[in-house]
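Enquirer: Next comes the sequence, and after it the predicted model I'd like to discuss.
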Amino acid sequence: MEISTTVRLFTLPDGRTISYAIYGDPNSSRTIFYHHGYPSSHEEALSCHDAAAQHSIRLISADRPGFGSSTFQPARKLLDWPADLLALADHLKVDRFAVLGVSGGAPYVLACWHRMPRSRCVGLGTLCGLFPTNLGLSGMLVMTRVLFWTASWSPWLAGTVLDLAVGSTARSAKKEELERKVDGSFGSRPRADRDAWNRGTHHVREALTGGTRGAFENGPKGAGWEAQIYASDWGFTLEELETEPGKVIFWHGDQDVNVPLAMAQKASKLLRNSELRVVTGQAHLSLVVDKADEAIHTLGRLIDEA
């Protein structure tokens with residue numbers, strides 16, 4: 001069953017627009033801000049809608065600058081995002097919340113943890129999260145490593161390559177054609193990911209195709225610049241982040257080739273008191289499909305305990 005979710009717009013103090021949508025239980029005060037992967041957009045959160053609804057969580061998914069209908073922000077830095085998200089939280093009258101970062105959304109929730117007071121941001125979770133590239137890219141898909149290297153010196157070229165590969169199709173193709181293109185990308189992925197895609201459960205197909213379309217809705221500049229952010233100095237180190245036990249949890253599959261487990265293991269050792277939950281037999285997409293419920297439930301409990 002497809003879910004019709006209204007895309008909403010919020011104007012930031014500097015005049016930029018942030019687009020977002022609400023999934024799960026829209027009437028709940030228990031809020032998790034969902035941070036989409038890469039390249040993707042707010043509709044990706046559809047994959048977690050059922051879990052959020054079941055656990056009475058309002059799941060707010062915002063498009064980062066240059067994605068969806070969010071205004072592109074030239075020369076933005078990773079640490080620019082927490083102020084935008086706090087402004088949105090204030091607008092929606094959300095006093096305290098948790099943050100969930102999926103894949104390329106992980107750097108952004110870590111930035112929020114670094115910049116936001118614990119009275120507001122009370123819990124952090126990542127699913128198959130990306131961590132600083134200086135931890136090593138061994139085992140990562142070759143094309144992703146090449147993209148990061150390209151973006152480090154030419155975000156424009158990185159965006160152009162992505163646009164040729166998928167962006168132009170995402171903007172112009174019918175839903176079925178875009179779904180076939182996404183389907184083809186799973187041919188060389190681990191079996192767990194292929195099975196998760198083929199099962200099509202938890203609105204997975206709608207989430208990935210819609211998220212991909214939104215990523216390139218207004219061209220490739222956002223995707224190109226975001227790759228540059230991933231490959232650059234984030235403005236803080238994981239060692240600088242402070243947390244209490246049980247507040248920061250990383251879920252990661254041991255078969256992941258998008259973000260290899262070794263990266264998450266190194267990150268967890270650097271971030272004191274973080275917890276790494278390694279899931280045997282899971283890859284990238286499959287981890288999101290199979291562990292969304294656990295992640296949503298866990299973060300909901302942290303909100304209740306705050």
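Expert: Cool, the structure landed. Quantities reported herein were computed from a predicted structural model and do not represent experimental measurements.
Enquirer: in this structure, which spans are helices?
Expert: Along the chain, counting by DSSP state H, helices occupy 49-54, 81-91, 106-115, 142-153, 155-162, 168-172, 175-185, 191-199, 204-215, 221-231, 261-270, 285-305.
Enquirer: Identify each buried residue in the longest one, please.
Expert: By 16 or more other C-beta atoms under 10 Å, the buried positions in helix 285-305 come out as 285-296, 298-300, 302-303. Yep, even glycine has a C-beta here, placed from its N, CA and C like the rest.
Enquirer: helices or strands next to it in the packing?
Expert: Judged by 3 or more C-beta pairs under 8 Å, 6 or more residues apart in numbering; DSSP states H and E, the packing partners of helix 285-305 are strand 31-35, helix 49-54, strand 97-102, strand 121-127, helix 191-199, helix 204-215, strand 248-253, strand 275-279.
Enquirer: now that helix, how far from the chain's geometric center?
Expert: Centre-to-centre, helix 285-305 and its host chain are 14 Å apart (C-alpha atoms, centre = their mean, to the nearest Å).
Enquirer: Switch the helices and strands packed on helix 285-305 over to JSON lines; also include distance to Ile60.
Expert: Below are those laid out as JSON lines (distance: least, C-beta to C-beta, whole Å):
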{"stretch": "strand 31-35", "distance to Ile60": "5"}
{"stretch": "helix 49-54", "distance to Ile60": "10"}
{"stretch": "strand 97-102", "distance to Ile60": "8"}
{"stretch": "strand 121-127", "distance to Ile60": "13"}
{"stretch": "helix 191-199", "distance to Ile60": "24"}
{"stretch": "helix 204-215", "distance to Ile60": "15"}
{"stretch": "strand 248-253", "distance to Ile60": "20"}
{"stretch": "strand 275-279", "distance to Ile60": "24"}
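Enquirer: returning to that earlier point: quickly, which of the helices of the chain bottoms out on average pLDDT?
Expert: Here the helices of the chain differ in mean pLDDT, and the lowest is helix 175-185 at a mean of 82.
Enquirer: Tabulate the helices of the chain in a markdown table, adding columns for distance to Ser19.
Expert: Below are the helices of the chain laid out as a markdown table (distance: least, C-beta to C-beta, whole Å):
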| stretch | distance to Ser19 |
| --- | --- |
| helix 49-54 | 17 |
| helix 81-91 | 10 |
| helix 106-115 | 16 |
| helix 142-153 | 23 |
| helix 155-162 | 19 |
| helix 168-172 | 16 |
| helix 175-185 | 20 |
| helix 191-199 | 26 |
| helix 204-215 | 9 |
| helix 221-231 | 12 |
| helix 261-270 | 29 |
| helix 285-305 | 22 |
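Enquirer: for the ones you listed, which one sits closest to Thr243?
Expert: Smallest distance to Thr243 across the helices of the chain (C-beta to C-beta): 7.2 Å, for helix 106-115.
Enquirer: who's in contact with that closest one?
Expert: Contact partners of helix 106-115, identified using C-beta atoms under 8 Å, 6 or more residues apart in numbering, comprise 33, 35, 64, 78-79, 81-83, 85, 99-101, 121, 124-126, 129-132, 229-230, 234-236, 238, 240-241, 243, 248.
Enquirer: Let's see that with 6 Å instead.
Expert: Identification of contacts with helix 106-115 by C-beta atoms under 6 Å, 6 or more residues apart in numbering yields 35, 78-79, 81-82, 99, 101, 121, 124, 126, 129-130, 236, 241.
Enquirer: Show me just the buried residues among these.
Expert: 35, 78-79, 81-82, 99, 101, 121, 124, 126, 129-130, 236, 241.
Enquirer: and the two most separated of those?
Expert: Cys121 and Leu130 (19.1 Å).
Enquirer: just the contacts of helix 106-115 now: which is nearest Phe10?
Expert: Closest approach to Phe10 among these (C-beta to C-beta): Trp81, at 14.1 Å.
Enquirer: Against His252, how distant is that closest one?
Expert: Going from Trp81 to His252 by C-beta to C-beta, to the nearest Å gives 22 Å.
Enquirer: Phe10: which of the helices of the chain is closest?
Expert: Comparing these against Phe10 with C-beta to C-beta, the closest turns out to be helix 81-91 (5.5 Å).
Enquirer: what's the first-to-last distance across stretch 214-229?
Expert: End-to-end distance for stretch 214-229: 19 Å, by C-alpha to C-alpha, to the nearest Å.
Enquirer: now it, how far from the chain's geometric center?
Expert: So, by C-alpha atoms, centre = their mean, the centroid of stretch 214-229 is 14 Å from its chain's centroid.
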